[in-house]
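Trainee: only the shape, not the letters, is given here:
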């Protein structure tokens, strides 16, 4: 089973500056990103999309730091082991939550929203990348049960001609959790190493009309490195905290209420 987070930074000379012709650390992370998941590739555009957008690169073109930040935010939750019953049906959780909310939408029940729905919904959201910075971006969820990780995605956004935007509009795979942590560590290590080089290039090579706060760039590069490595240092291969007991209780309650109306 192959799982790898790939990226490629654009060269410093080719990065478009931001407002007032400035460039900063985040802007310097401009590049391409794609994920190998088994035999599929996430964040790879379809042939139809490449034709519509007239781009040579088949991969997601955006600031890599956005993905790195979003992934780092949910890693502590992915690290938790969820009950097998939820893990086994995780692909259905998002749609079931929508059904559950629909059952209560006309009841004006704040207790349901605050103490039931929001809790279980957050459980799902905290393990999901929504790629909201991209038009029709893939939604990728990660659920761990003990030493196994399941990831699944939905990228079924269609173009105006009804063709799929992404080459793999839907899929799932399982892998040992240790392989996931190794892939995550490899991605951040490589990304930060490349950003060291990118920072060095920005410091040593000027561009006409482009302003870079060199002291701030050096400081942020180090701060980002420290922050990302602090996050991934919390990943545990062998043992993991269990999610709260009330999650399984709410999950059962949701299923029972949905089944009652069917």
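Mentor: It's in. Predicted model only: the values in this text are computed from it and were never measured.
Trainee: quick one, helices of the stretch 101-250 of the chain?
Mentor: Under the criterion DSSP state H, counting those that start in this stretch, the stretch 101-250 of the chain contains helices at 110-112, 118-125, 177-204, 214-232, 245-260.
Trainee: what pairs with residue 31 across the strands?
Mentor: residue 9, residue 62 (DSSP bridges).
Trainee: tell me who's in contact with it.
Mentor: Taking C-beta atoms under 8 Å, 6 or more residues apart in numbering as the criterion, residue 31 is in contact with 7, 8, 9, 10, 61, 63, 64. Yep, even glycine has a C-beta here, placed from its N, CA and C like the rest.
Trainee: who wins for most neighbours among those?
Mentor: When neighbours are counted by other C-beta atoms under 10 Å, residue 64 leads the contacts of residue 31 with 24 neighbours.
Trainee: the residue nearest the centre of the chain - nearest residue in space that isn't next to it in sequence?
Mentor: The chain has residue 129 as the residue nearest its centroid, 3.4 Å off, counting by C-alpha atoms, centre = their mean. Distances taken as C-beta to C-beta, 6 or more residues apart in numbering place residue 140 nearest to residue 129, at 4.5 Å, with adjacent residues excluded.
Trainee: quick one: pLDDT of residue 108?
Mentor: For residue 108, the model assigns a pLDDT of 75.
Trainee: which one in this protein is furthest away from the centre?
Mentor: Farthest-out residue of the chain from its mean C-alpha position, per C-alpha atoms, centre = their mean: residue 208, at 35.5 Å.
Trainee: need the per-residue pLDDT for that residue.
Mentor: For residue 208, the predicted pLDDT is 92.
Trainee: now the element after the strand or helix carrying residue 71, going C-ward?
Mentor: Here residue 71 sits within helix 64-78, counting by DSSP states H and E. Counting by DSSP H and E, the next helix or strand C-terminal to helix 64-78 is helix 84-88.
Trainee: list the buried residues for that next one?
Mentor: 86, 87 (16 or more other C-beta atoms under 10 Å).
Trainee: can I assume residue 201 is in contact with residue 14?
Mentor: No - using C-beta atoms under 8 Å, residue 201 is not in contact with residue 14; the gap is 11.3 Å.
Trainee: those two: which is more packed in?
Mentor: Counting neighbours by other C-beta under 10 Å for residue 201 and for residue 14 shows that residue 201 has the greater number, 14 against 8.
Trainee: look up how far residue 249 lies from the spatially closest residue to the more buried one that is not a sequence neighbour.
Mentor: Nearest non-adjacent residue to residue 201, counting by C-beta to C-beta, 6+ apart: residue 12, 4.3 Å away. Residue 12 sits 53 Å away from residue 249, taking C-beta to C-beta, to the nearest Å as the criterion.
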